[in-house]
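[1] Give me a model of this one.
(one chain, ligands or ions: 2)
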Amino acid sequence: MLTTTLAAIRPLDEEAMASARALHGRLTKPAGSLGALEELSVRLAGLAGSCPPPLPESAAVAVFAGDHGVHAQGVTPWPQEVTAQMVGNFLAGGAVVNAFARQMGASVTVVDVGVAGVLPELDHRDLVAAKVRPGTRDLSQQPALTRDEARTAVEVGIQVARDLVDAGADLLLTGDMGIANTTPAAALIAAFTGAAPAAVTGRGTGVDDPTYTRKVAVVRAALDRHTPDPTDPLGVLAAVGGLEHAALTGFILGAAARQRPVLLDGVIGVSAALAAAAFAPDAVGAMVAGHRSVEPGASLGLARLGLEPLIDLGLRLGEGTGALLAYPVVASAVRVLHEVATFDSAGVSEK
Ligand SMILES: O=C(O)c1ccc[n+]([C@@H]2O[C@H](COP(=O)([O-])O)[C@@H](O)[C@H]2O)c1
Ligand SMILES: Cc1cc2nc[nH]c2cc1C
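    Ligands and ions are numbered 1, 2, ... in the order given. Here you go, the predicted structure:
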């Protein structure tokens, strides 16, 4: 499934992009006046292979949840059981992602790809039960996952993307939940960019100074132990990744293979995007950076991918919340190509 997905990922369609650029030049606005939205809409035309590209009308967030053996190293102040408890909160509709999704008219799909704790007794109809294993191993001591486990998690993400697209989703949004998951995200970003552990490691849920120092040391120790090879993305994900990071990698690849844009949320989505780009460089064409997380690794990773985030509100929540806030910006960028009059049709004089 991974191999066929990678084979289906194509470069952007240059002809559709040229048409979109030409159309922008005829619309009733000064050339370039929509800033980043213009190039975004051009790219989406290239992804869809048509101008205008389809207006996104059915956005779907997938929140991939997993736990982390590295939690044992004291890299976060939160107890591990919060991951399972928040999955319960997502299913009950009580989390920030649910509130934002209702605001934006998006669906929320919760995927248990590796929660260690016991999920609360709830209506689980909205839960995709795809646990690869109950949490990763401690990446500072041993590989977090076997290659087989990492591949299985990637394929969970591909399948979720396929199922959402088959059900009518035309825009996919990354979401994540996993106490301690900013530690593997930092390690992945360091592995793929070559940046120093201190440059990519952030304060996650809000760690104090001693915890931050420990977290940087843990990321450094993991990289020293495994020396992950950035040209072997499955090996990197297995050594220092997480189950939700691996599944998100597959989710992004699955979106790209079906020519659907995928809006990246925070640092976990960005770390997965780097892995996806290592599998298939053309997958970057499907990626849209939703927002700039305050995690330093997120900015570093986006710069490496050549992506500029659409919004910057100082968020560091995860769940898909930053991606959701950017959804109306993406839809507006495309709507311009569908609805705005040309100078000719509206009888507006050109300069
Ligand atoms: O999206 C982000 O950039 C982001 C930044 C900081 C924290 N988080 C969320 O917080 C959790 C991980 O934080 P931590 O400190 O336990 O590693 C996890 O559930 C993430 O979704 C997410
Ligand atoms: C309460 C809580 C909610 C979250 N949502 C995403 N990560 C989170 C981490 C915590 C701790």
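
[2] can you give me the helices in the stretch 51-200 of the chain?
    81-92, 96-104, 147-166, 182-193, 197-200 (DSSP state H, counting those that start in this stretch).

[3] and of the ones you listed, who's closest to Asp229?
    Comparison of the helices of the stretch 51-200 of the chain against Asp229 by CB to CB identifies helix 182-193 as nearest, at 8.4 Å. To be clear about C-beta, it is placed using only N, CA and C from the backbone, and glycine gets the same treatment.

[4] how about that closest one: buried residues?
    182-193 (16 or more other CB atoms under 10 Å).

[5] And stretch 282-292, by the same measure?
    So for stretch 282-292, counting by 16+ other CB under 10 Å, buried means 283-292.

[6] what do you get for stretch 100-108?
    Applying a neighbour-count criterion of 16+ other CB under 10 Å, one finds 100-101, 104, 106-108 buried in stretch 100-108.

[7] try stretch 305-315
    Under the neighbour-count criterion of 16+ other CB under 10 Å, stretch 305-315 has 305, 307, 309-310, 315 buried.

[8] Of those, just say which sits nearest to ligand 2.
    The closest of the buried residues of stretch 305-315 to ligand 2 turns out to be Leu315 (CB to the nearest ligand atom; 10.7 Å).

[9] rewinding a little: Serialize the buried residues of stretch 305-315 to CSV and add fields for secondary structure and distance to Val336.
    Converted to CSV, the buried residues of stretch 305-315 look like this (DSSP: H, G, I helix; E, B strand; the rest coil; distance: CB to CB, whole Å):
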residue, secondary structure, distance to Val336
Leu305, helix, 24
Leu307, coil, 20
Pro309, coil, 20
Leu310, coil, 15
Leu315, coil, 26
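
[10] Between which two of the residues you listed is the distance greatest?
    For those, with distances taken as CB to CB, the pair at the greatest spread is Leu305 and Leu315 (18.8 Å).

[11] circling back to that earlier point, which one of the buried residues of stretch 282-292 sits closest to Val270?
    Ala289 (7.7 Å).

[12] okay but the closest one is in contact with Leu310, surely?
    Yes - in terms of CB atoms under 8 Å, Ala289 counts as a neighbour of Leu310; the distance is 6.6 Å.

[13] For the residue of the stretch 251-351 of the chain found nearest ligand 2, give me phi and psi.
    In the stretch 251-351 of the chain, the residue that lies nearest ligand 2 is Gly318 (4.1 Å; CB to the nearest ligand atom). Dihedral angles phi and psi of Gly318 (degrees, to the nearest 10) take the values phi 90, psi -150.

[14] Give me the distance from stretch 162-177 to the chain's centre.
    Between the centre of stretch 162-177 and the centre of its chain there are 11 Å (CA atoms, centre = their mean, to the nearest Å).

[15] Before I go, just wanted to say thanks for your time.
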